[in-house]
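Undergrad: Provided below are the primary sequence and the corresponding predicted coordinates.
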Amino acid sequence: MFSRALGDDAELRPLEPWQAGEFTAYIDRVRDALKPWIPWAYSVVDEASARAFLQDYADRQAADTGRIFGLYVSGVLQGGIVYRAFNATQGVCEIGVWLSPEVRGRGLITLACRALIDWALNVRGMVRVEWLCDPRNEASIAAARRLGFTHEGTHRKAFHLDGEHRDVQVWAIVA
C-alpha cells in the first residue's frame with residue numbers, strides 16, 4: 001500500500017511479517033548470491049524463520065531502532081534495504097542492502113539508498129549514516145562510493161560468517 005517509486009518499474013515498500021512467504025521464496029531464489037555477504041541468508045530458511053526475521057524489524061520500527069524495505073521490480077521482490085541500526089538519540093544509523101543478480105546494474109540500490117539517506121539526514125536529523133561491508137564485496141564498495149560515502153577504516157576480523165572471521169570496512173556520510 002505504501003511505496004516510493006524509484007523509476008520505470010521499480011519501487012521501495014516496507015517489508016512486514018505478513019510477507020514472510022514472499023520473503024522466503026525470494027531468499028530461496030537468490031540465497032547463493034547472498035550467502036557470501038549476508039549472515040541472515042544462512043538463518044532465514046523457511047517461512048517461520050522469515051516471519052521471525054521480519055517481526056524483529058517490525059519491532060525495531062516500533063521502537064524507532066531499525067526498518068526494513070523491499071525493493072520491487074515489476075511487482076516482484078528483487079532486493080531490500082534496511083536501517084540495520086537506527087539510533088535517533090545519537091543521530092547515527094546504518095544502511096544495509098542486497099539485490100538479486102538479474103536486476104543489478106540498473107542503479108536501483110543507488111536510487112533507494114539516496115531516498116533513505118535523505119530521509120535519515122533531512123527528516124530524522126541523523127548526523128551520520130554508516131555503510132559496513134566486507135572488503136572483498138566490490139559491488140558494495142562501488143555503491144558506497146557512488147553514494148558519496150567516505151571510507152573511514154577497516155575493523156579486522158569483526159564478524160564470523162561461513163566458518164571464517166571477516167574484516168569489515170566502515171564507510172560513512174556525515175551531515
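TA: That came through, no problem.
Undergrad: from here on, contacts and neighbour counts on C-alpha atoms
TA: Will do.
Undergrad: outside of the one helix or strand in the chain whose mean pLDDT sits lowest, which residues touch it?
TA: Lowest mean confidence among the helices and strands of the chain (mean pLDDT, DSSP states H and E): strand 4-7, at a mean of 90. The contact list for strand 4-7, computed with C-alpha atoms under 8 Å, 6 or more residues apart in numbering, reads Glu11, Leu12, Arg13, Leu108, Leu111, Ala112.
Undergrad: give me the number of residues near the residue nearest to the fourth one when sequence neighbours are not counted?
TA: Closest residue to Leu108 apart from its sequence neighbours, by C-alpha to C-alpha, 6 or more residues apart in numbering: Leu6 at 7.2 Å. When neighbours are counted by other C-alpha atoms under 10 Å, Leu6 registers 19.
Undergrad: Quick check: Leu6 vs Thr110, distance?
TA: 10 Å (C-alpha to C-alpha, to the nearest Å).
Undergrad: what does His155 give?
TA: Counting by C-alpha to C-alpha, the gap from His155 to Thr110 is 25 Å.
Undergrad: Phe53 now?
TA: As judged by C-alpha to C-alpha, Phe53 and Thr110 stand 24 Å apart.
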